[in-house]
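Asks: Okay, here's the prediction I keep looking at, along with the sequence it came from:
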Amino acid sequence: MASSELKKTLNRTEHRPYPLPKGAWVLRMRWLDLLFMHWPVPETSLRSLVPPALKLDTFDGSAWLGITPFRMERTHPRFLPAVPWLSSFPELNVRTYVTAEGKPGIWFFSLDAGNPIAVRLARATFSLPYFDAEMSSRASGGEVRYRSVRTHKGAPPARFAASYCSMGEPFRPHPGTLEYFLTERYCLYSADVRSRRVWRGDIHHLPWPLQEAETELEEFQMTAQIGVTLPDAKPLLHYARCLDVMAWPPRRINA
């Protein structure tokens with residue numbers, strides 16, 4: 001993102017549910033070919049998996065579990081350039097939605113990444129459950145072919161293989177809709193297992209340019225690792241081609 005585009009993005013805040021955090025952002029990244037796969041699940045199936053300091057966020061009486069494959073590019077700290085072999089890699093996360101101190105955010109059950117250096121930096125810096133994986137993401141003719149096999153030593157197995165593509169014109173989700181609830185979140189939460197401290201990491205981006213999507217699942221073993229069984233129903237699907245994101249350092253919340 002050029003400096004002029006960066007300034008424009010930082011000045012566009014009217015879509016946010018709360019103001020930008022104080023202080024300077026520390027990390028920039030671009031998310032590409034992102035697929036949102038969401039299922040409604042009983043709140044009781046997730047409550048014990050999330051720290052008590054965080055309230056599970058629900059929509060129409062259900063908690064929601066998401067699987068999100070995408071590709072990271074141009075990932076680099078502030079004042080440092082992007083390095084091709086470090087800054088670009090696939091990522092795949094398993095998530096749900098929570099709130100704390102009036103700020104709706106994301107709780108990650110796992111994040112698989114195809115770059116071992118990025119995995120270790122994220123685990124050390126953000127206390128996030130990142131895992132090593134052999135991954136590939138290839139886009140051709142409007143279709144994305146995505147593969148991931150977790151290889152992290154001592155971690156529970158996880159596998160994912162699918163082809164997906166967008167459908168229809170991009171749209172911006174409106175407040176109050178399910179699409180907005182699932183995507184327009186401007187922070188993540190994490191926890192230090194040993195100290196039980198809970199942290200919030202703020203992010204900023206323009207509104208999601210969502211499209212409807214279709215997918216063909218070939219291999220799916222992503223929720224057994226947390227002991228959750230998904231409903232026997234097709235997931236709600238959305239696709240986003242590209243989104244530029246800035247992240248702030250994590251701050252401890254009062255819990």
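Replies: Done, it's in. Note that this is a predicted model, so its numbers are computed, not measured.
Asks: now the stretch 1-150 of the chain, which segments are flagged as low pLDDT?
Replies: By pLDDT under 70, the low-scoring segments of the stretch 1-150 of the chain are 1-3, 79-86.
Asks: That one: helices as residue ranges?
Replies: Counting by DSSP state H, counting those that start in this stretch, residue ranges of the helices within the stretch 1-150 of the chain are 3-11, 84-87, 116-126.
Asks: Quick one: residues in contact with the longest one.
Replies: Meaning helix 116-126. By C-beta atoms under 8 Å, 6 or more residues apart in numbering, the list of residues contacting helix 116-126 from outside reads 72, 75, 86, 89, 111, 113, 128-132, 152, 188, 190, 199, 201, 250. Bear in mind the C-beta positions are built from the backbone N, C-alpha and C, glycine included.
Asks: Of these, grab the buried ones for ChimeraX.
Replies: In ChimeraX, the members of the contacts of helix 116-126 classed as buried (16 or more other C-beta atoms under 10 Å) are selected with the following command:
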select :72,75,89,111,113,128,129,130,131,132,152,188,190,199,201,250
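Asks: which residues of the stretch 151-255 of the chain fall in strands?
Replies: 159-171, 187-191, 198-204, 210-221, 236-247, 251-252 (DSSP state E, counting those that start in this stretch).
Asks: In its sheet, which strands sit next to the first one, and in what direction?
Replies: The sheet places strand 159-171 alongside strand 143-150 (antiparallel), strand 210-221 (antiparallel), with pairing taken from DSSP bridges.
Asks: do the shortest one as well
Replies: For strand 251-252, the paired strands and their directions (DSSP bridges) read strand 198-204 (antiparallel).
Asks: and the partner strand, average pLDDT?
Replies: Predicted confidence along strand 198-204 averages 96 (mean pLDDT).
Asks: go on, stretch 232-243?
Replies: Rounded to a whole number, the mean pLDDT of stretch 232-243 is 96.
Asks: Looking only at it, what residues are buried by neighbour count?
Replies: Applying a neighbour-count criterion of 16+ other C-beta under 10 Å, the buried positions in stretch 232-243 are P235, L236, L237, H238, Y239, A240, L243.
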